[in-house]
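Peer 1: One predicted model, sequence on top.
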Amino acid sequence: MKFSIQINEGPYQHQASDTAYQFAKAAIAAGHEIFRIFFYHDGVNNATRLAVPPQDDRNISAQWTALAKENNLDMVVCIAAAQRRGLMDADEAKRQGLDANNIAEGFRISGLGQLIEAGIESDRLIVFGA
Amino acid sequence: MSVKKFMYVNRKAPYGSVYALESLEVVLIGAAFDQDVSLAFIGDGVYELTKGQNTKAIGQKNFSPTYAALGDYEVNKIYVEKESLEERGLTLDDLQHLVWEDEDEDYAEKDSIRLVSRAELADVMAEQEIILSF
């Protein structure tokens, strides 16, 4: 089956991202396809590469980056939600005249149309959080 | 591109959290995809449609006028749950009068809001293919 995943909550504060990660891993292991993972609301905070959790805990954004790399996943961060919350890739930071960027490898910033398209193109869109 | 039945379910009051605003942003972008779209307002979500909102004192943007533009985006199936209104002491008169123009009937103005019972809304939800809940 072709799945897409929407993640609506930030890391650590809420279990949604962890659960979505476990779901994505299990779905891939079972031979399913992940069409897209879309980060919305505070979920965009999963894409920061500047989080430094304690060493004996999981690093949620690094987990996503690794999973995406291994499985060639399309991980999209909503641009409107990201701009509100200070999540920027290098291009967007430049466009906004900002002196820093903070998006982790494997994530890309794009529009809400990517979420709608994911709903249209997938057999199931699974929403985590909110 | 295939047409699917999308429903956006709005469950939160408009300013205490960002969900109502960011739901509206998805609806507006999604309207460009020519899908079969409907909105549901349940629980505290019914407050999103109340008329006469004034956010001056809380320093937030009043985004409620945008709901009146949904008809222009051909988003004209807006289900409001009757029990949710009643539980909050509200009636349809407390909500904005949302309309759309039916181009098949010489642009006749029609009501967008459909007042439905909890049981009726459950039936409408069961017909959907994509439900996004905010």
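Peer 2: Great, that's in hand.

Peer 1: mind listing what the closest residue to B:Asn54 other than its chain neighbours touches?
Peer 2: Of all residues not flanking B:Asn54 in the chain, B:Asn62 sits nearest, at 6.8 Å (CB to CB, 6 or more residues apart in numbering or on different chains). Using the backbone N, CA and C atoms, a C-beta is placed for each residue, glycine as well. Going by CB atoms under 8 Å, 6 or more residues apart in numbering or on different chains, B:Asn62 touches B:Gln53, B:Asn54, B:Thr55.

Peer 1: ranges for the helices of chain A?
Peer 2: For chain A, the helices defined by DSSP state H cover A:16-29, A:60-71, A:79-85, A:90-95, A:113-121.

Peer 1: Okay, A:Leu115 and A:Arg85: tell me how far apart.
Peer 2: 17 Å (CB to CB, to the nearest Å).

Peer 1: if you count what's nearby, which of these two comes out ahead?
Peer 2: Neighbour count, other CB atoms under 10 Å in any protein chain shown: between A:Leu115 and A:Arg85, A:Leu115 has more, with 24 against 19.

Peer 1: That one reaches A:Cys78, doesn't it?
Peer 2: Yes: with contact defined as CB atoms under 8 Å, A:Leu115 reaches A:Cys78; the gap is 7.2 Å.

Peer 1: okay, and the common contacts of these two?
Peer 2: With CB under 8 Å, 6+ apart, A:Leu115 and A:Cys78 have common neighbours A:Phe38, A:Tyr40.

Peer 1: pLDDT weak spots in chain B?
Peer 2: B:1 (pLDDT under 70).

Peer 1: Could you pick out the residues of it near chain A for me?
Peer 2: With CB under 8 Å from any CB of the partner chain as the criterion, chain B comes near chain A at residues B:1-2, B:4, B:6, B:18-19, B:22, B:25-26, B:29-30, B:32-33, B:35, B:130, B:132-134.
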